[in-house]
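Engineer: coords below, sequence missing:
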């Protein structure tokens, strides 16, 4: 796998800890993985430089902010528009929180977060009108979960000793 970053068990433990709480100080990370702070700090910096850690973010409970309805909308792009152009237009719609482009049918799937059925209807109409989408199919999300663990070693790059 070209460009794969080699990680060891300590790196995976650090990634799991940071994924659970990106605000953990290096001293606490070090305590939890059983190393001193200096090598842990170097490991985190190496993972940041390599792009494995690309940023730190807050996890927001959107339901507390009024985004109580989530939907996936399959999008089929009209023949006259390219997918890239459609994606640029989708970025301007506040309710669109994620777009996945696909190989096959449909062309893309947009994840929407809206306050209710009225905003969903309005957003889908805007998708069709403003984003040059020929057709849509909407799926309402009942429940969801997200994998937050670091993948097991078999799914990561071949192992080699990591440098502290």
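Structural biologist: All right, it came through fine. Remember, it's a predicted structure, so these values are computed and weren't measured experimentally.

Engineer: Run a quick neighbour tally on residue 52.
Structural biologist: When neighbours are defined as other Cβ atoms under 10 Å, residue 52 has 16 of them. C-beta coordinates here come from the backbone N, C-alpha and C atoms, glycine included.

Engineer: list the contacts for it?
Structural biologist: For residue 52, the contact set (Cβ atoms under 8 Å, 6 or more residues apart in numbering) comprises 5, 7, 15.

Engineer: can you pull the pLDDT of the second one?
Structural biologist: Looking back up the chat, that one is residue 7. For residue 7, the pLDDT comes out at 92.

Engineer: what's the burial count for residue 31?
Structural biologist: 14.

Engineer: cool, and residue 91?
Structural biologist: Around residue 91 there are 11 other residues, counting by other Cβ under 10 Å.

Engineer: Look up how far residue 134 lies from it.
Structural biologist: Using Cβ to Cβ, to the nearest Å, residue 91 is found at 19 Å from residue 134.

Engineer: how long is stretch 89-108 from one end to the other?
Structural biologist: Distance between the two ends of stretch 89-108: 13 Å, counting by Cα to Cα, to the nearest Å.

Engineer: Residue 97 belongs to a strand?
Structural biologist: Yes: assessed by DSSP: H, G, I helix; E, B strand; the rest coil, residue 97 belongs to a strand.
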